[in-house]
Each structure stands twice: as structure tokens, then as C-alpha cells.
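Peer 1: can't give you the sequence, but here's the structure:
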């Protein structure tokens, strides 16, 4: 093969890898975007009521999202095992892993729902204005009862994504997002006069209801559409309590625990930044919340590409394809850089249409203009971080990435944010600059880690009698 032919072959291979990643990622991105779209709709409609209601919303959900993301992170141990089993052709083990994941969704969902009820007292404890703390507490109560339903739905969604059927979750969430709009008009804004306007608490209550509806719907679909013999979806005492079931749950926790801790530490850092914004005043916390909602919506694209990259890496590991592991990881990073160019340009040069989705008060818009500008730079590094985390998780490498995230966000992002926001008196934009510092640190170190582990053979995580 000549040098030109080799170059053409390499280029074709890269395009093929990116195409395969994008094909799997597109419905996952849509599904992840659907999860946040409900929060985005809640935030936008709440902001239309008033900046104070948006402040209630932001302060009320920030600590609860920490708990939720810890649960979601734990369940990601299941999708890694499902993807590797599927890649190895051992489809019957996929159902047993799903049952283990679902049991974790139930237990942790109930536990986190109880902890979420402490949202109001927590806001008061850190010195938030009493009225803002009381409003945050009402939001937290409505968020709490939806947590178990959401975690159980995600356990089912991960099953479908692990066996290369991501469109199931995408369609379910598209229906839920469509239903969320009229429900919010009724309960948040009081349209039709059926109920008194409930503001932020009403927005979160409708989303909690829809989370339970999502779980019931996807569970029903699994019961009628999946071949239980092929995928090992057998409900019995042995499948729930037997030695193999216990071993599977242990391995889900072994993989999922560091992922849960990583997501929990990162989301806790974001919650801390929101509480810092609360100390800067109502306009600052509203601007910060609007920016974070926009940033998190874009991050769902990253989450989708990260999940697709994780699944593809997991399949390659299960198949013993070391070259495929490397190709899946680097194609994911290349894609996220390309995908983020357009939103970055919009946030930098045309921020006002985006900001006005969430807020209308001129004083809030004046602050958000600068927070959105910084976020537009941050999304490249945020994206690379998310995709590299997915690639490493697919390879079963979870503990060192945990240390990297803790260092990046608590060793860099939080201190930088505090100094810039308060000591340098940059206010809310200084908080987003702290996030930028954390994402640059994390993405750089994670890329180096993936490069390091792909120089040697990667073994599959054993399941059951392996």
C-alpha cells in the first residue's frame, strides 16, 4: 500500500468510526437532552413568572440534582456490564444485569427522596435569605417524590442503550417533553383557571409525575417487546436473590460507585456555586441559573456522545478489539469538538436570544450576558471531559478518573470561583470562570489517562460465572 493509499485508508477509517459513534449517539443525545429538556422547560416557564420564582427553582433543585446524579452514576456501572456482555455475545446476561441495576434504582431512589426533603433547611443553613430558603424547600419537596421513578426509568433506558436500542428511551422522553409543556402552562402559570399558579413548585411537581409515567411506560414496553429468553429477563427468586444476582450487584456497585462519587462531587461543586450565587443576590442567582440551564442543556449532547463512546468502547473490550477501543475513544472526542463549534459561537456573539428564553428583567440580562460568554468558551473543555469519562468507563477504568474530577472541581474550580466572584468582585461571571478552570484541568488529565491505558491490553470486567 502506497503512502497516499494508507492516508486515504486512515481517513476513511476515521470517518467510519465517527459515523458509527454518531449513529449510536444521536438517539442517546436526544434521550439525554429530553431528560434535561423537562428541567429546561420548567426553568424557562418559571422564569417567566418572576426572577424570584426562578431563584426558588435554582436553589431548590441544586442539592437534589447532586443526589440524583449520584444515583444515575451508580447505575452506569450496569450499562458498562451490559455493553461488554452484549459485545461478547452473552445476551442472556444482559437481563440479569438489568435486574441488578433496577434494584439499585429502587433502593437508592427511596433513600435519596428522603434526603431531598432537607433542601429547605440546607438553604437556610448556608445563609440564604429566609424567603428564598422557604421557596427552595417547597421545590425540594416536589422534586423528592419523583427521584425513585426517574432512577428506575434510567435503569431500563440503560438496558436498551447497552443492547444498541437507544431509540426506545428517546421516543419515551420525546413524549414526556411534549406533555410537560401543557402541564406547566396549567400548574406553573395557571392557564385555564383549573388551579392557582404554583410557580416553581408546580413546575417540579409536573416533572416528578412525568418521571413516574416514563418508568411505567418503558417497563410495559420491555414486558411486551423484548424476548425474555434471549436476554435473560427472568423474574424468579434465584434471579433476584441468588448468588449470581448478588455477585452482579456487587460488580455494578464496584464499577458504579466511583462513577457515582465522581458525578456527585462534580454536581456538588455546581450546587456550591449556585449557593454562592445566592449570596450575591436575587439577580445574580437568576443569571447563574439561566446560564447553567443553557450549559447543562448543551452538556446533554456531551452526555449522549459520552454514553455512545462508552458503549462502543465496552463492545470493543468485550470483543477483544484493542484497536476498536482506541478508535471509539478518539472519534468521540473529535465529534464533540465539531458539534460544539456552533453553540459556542452563538453564546459568544449572539447571547441575548438565548438568555431571554429564561429571563426578561434587564438587570438579570446584564449579568447573564457575561456569564453566557464565559460558558461559551467552557463548553469545549466540558465536552472533551464528558466524552473521555465515557471512554474510560467503557474500558472499566473508573477510580483514577474519580480522583481527577475531585481535584479539578474541588481543587481548582471552587477556589477559583470564590476568589474571582468575591475577592476580585467579578460576581456571577467569576463563578463561571471557576467552572472553566475546572473543565480545562479535568479534560486535559482525562485525555492523558485514556492515551495511557490504550497502550496496553484492556480486559473485560467478569460477570457471573466468568
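Peer 2: Yep, that arrived. If you're wondering where the values come from, they're calculated on a predicted model, not measured in any experiment. Residues are numbered from 1 along each chain as shown.
Peer 1: for this protein, give me the ranges with low pLDDT.
Peer 2: 1-18, 22, 24-25, 29, 32-33, 126, 236-241, 243, 459-466 (pLDDT under 70).
Peer 1: got the contact list for stretch 252-262?
Peer 2: 69-78, 80-81, 97, 100-101, 104, 389, 393, 396, 398-399, 401-402, 405-406, 461 (Cβ atoms under 8 Å, 6 or more residues apart in numbering). Yep, even glycine has a C-beta here, placed from its N, CA and C like the rest.
Peer 1: same thing but at 7 Å, please
Peer 2: Residues outside stretch 252-262 that contact it (Cβ atoms under 7 Å, 6 or more residues apart in numbering) are 70, 73-78, 80-81, 100-101, 104, 393, 396, 398-399, 401-402, 405, 461.
Peer 1: ditto for stretch 336-349
Peer 2: The contact list for stretch 336-349 (Cβ under 7 Å, 6+ apart) reads 298, 301-302, 305, 354, 372-373, 375-376, 379-380, 383-384, 387.
Peer 1: are any of the residues you listed buried, and which?
Peer 2: 298, 301-302, 305, 354, 372-373, 375-376, 379-380, 383-384, 387 (16 or more other Cβ atoms under 10 Å).
Peer 1: where helices are concerned, which of those residues count?
Peer 2: Mapping the buried ones among the contacts of stretch 336-349 onto helices (DSSP state H) picks out 298, 301-302, 305, 354, 372-373, 375-376, 379-380, 383-384, 387.
Peer 1: which of these sits closest to residue 418?
Peer 2: residue 375 (18.1 Å; Cβ to Cβ).
Peer 1: does the closest one touch residue 296 like I think?
Peer 2: No: the pair residue 375 / residue 296 is not scored as a contact, 10.0 Å apart, by Cβ atoms under 7 Å.
Peer 1: circling back to that earlier point, and the buried ones among the contacts of stretch 336-349, which is closest to residue 250?
Peer 2: residue 387 (28.3 Å).
Peer 1: with adjacent residues omitted, what lies nearest to that closest one?
Peer 2: In space, and not counting its chain neighbours, residue 387 is closest to residue 332: 4.4 Å by Cβ to Cβ, 6 or more residues apart in numbering.
Peer 1: over to residue 285?
Peer 2: That would be residue 277: by Cβ to Cβ, 6+ apart, it lies 4.3 Å from residue 285.
Peer 1: could you do residue 311 as well?
Peer 2: residue 83 (4.6 Å).
Peer 1: what number of residues lie near the one you found?
Peer 2: Number of residues near residue 83 (other Cβ atoms under 10 Å) recorded here: 29.
Peer 1: and the helices in the stretch 201-350 of the chain?
Peer 2: Applying DSSP state H, counting those that start in this stretch to the stretch 201-350 of the chain gives helices spanning 228-231, 237-241, 243-280, 282-319, 322-339, 341-349.
Peer 1: show me what contacts residue 130?
Peer 2: So residue 130 contacts residue 124 (Cβ under 7 Å, 6+ apart).
Peer 1: quick check: residue 439 touching residue 381?
Peer 2: Yes: the pair residue 439 and residue 381 passes the contact test of Cβ under 7 Å, sitting 3.9 Å apart.
Peer 1: between those two, which is the more surrounded one?
Peer 2: More neighbours surround residue 439 than the other of residue 439 and residue 381, with 25 against 20 (other Cβ under 10 Å).
Peer 1: before we move on, the earlier item: I'd assumed residue 389 was in contact with the residue nearest to residue 387.
Peer 2: No: the criterion here is Cβ under 7 Å, and residue 332 misses it with residue 389 at 10.4 Å.
Peer 1: starting at the chain centroid, how far to the helix or strand that contains residue 390?
Peer 2: Assigned by DSSP states H and E, residue 390 belongs to helix 362-394. Here the centre of helix 362-394 is set off from its chain's centre by 13 Å, with Cα atoms, centre = their mean, to the nearest Å.
Peer 1: same question for stretch 154-162.
Peer 2: Going by Cα atoms, centre = their mean, where stretch 154-162 is centred and where its chain is centred differ by 14 Å.
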